[in-house]
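Colleague: sequence and computational prediction follow.
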Amino acid sequence: QLQLVESGGGLVQPGGSLKLSCTASFELDYYAIGWFRQAPGKEREGVACMSYTGEKTNYADSVKGRFSISRDNAKNTIYLQMNSLKPDDTGVYYCGAEVGYYCSGPAGQDYWGQGTQVTVSS
């Protein structure tokens, strides 16, 4: 069964850091990868994307300069390093994988992780 399994969420104080991981049960070499989040009452939104070559990345304006997406194809794992966290970053974070060069958005993902809760609160 092809799946993505996430880990690393939790409760953190404002200004703190977390690193999310997402491990695939299949090879990620030819997949664009992305991180998405969904806050209560809101739609799922894209946070970060990386092309399958790793040469192109893009971030939501709200996280630029604070979050960093990376991938380790040898481990079939993708990461999201989150620094300077704010209460508005609270939500369920999902990793996604999409066949092709780059991310097309939530509707274009071929595989999803189960989601991991991130709560930023004092």
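Modeller: Arrived safely, thanks for sending.
Colleague: residue with max distance from the center of this protein?
Modeller: residue 122 (23.3 Å; C-alpha atoms, centre = their mean).
Colleague: could you check how far that residue is from residue 10?
Modeller: Per C-beta to C-beta, to the nearest Å, residue 122 is found 14 Å from residue 10. Placement of C-beta: from N, CA and C, glycine included.
Colleague: with residue 116 instead?
Modeller: Counting by C-beta to C-beta, the gap from residue 116 to residue 10 is 8 Å.
Colleague: ok, the two, which is more surrounded?
Modeller: Each of residue 116 and residue 10 has its neighbours counted (other C-beta atoms under 10 Å); residue 116 has more, 21 against 12.
Colleague: OK, contacts around the more buried one?
Modeller: Counting by C-beta atoms under 8 Å, 6 or more residues apart in numbering, residue 116 touches 6-9, 20, 92-94.
Colleague: what bridges to it?
Modeller: residue 93 (DSSP bridges).
Colleague: pretty sure residue 12 contacts residue 85?
Modeller: Yes: counting by C-beta atoms under 8 Å, residue 85 is a contact partner of residue 12 at 5.6 Å.
Colleague: residues shared between the contacts of the two?
Modeller: With C-beta under 8 Å, 6+ apart, residue 12 and residue 85 have common neighbours 18, 118, 120.
Colleague: can you read off the pLDDT for the spatially most central residue of the chain?
Modeller: With distances taken as C-alpha atoms, centre = their mean, residue 35 lies nearest the centre of the chain, 2.2 Å away. pLDDT, residue 35: 97.
Colleague: for it, give the beta-bridge partners.
Modeller: Beta-bridge partners, per DSSP bridges, of residue 35: residue 48, residue 95.
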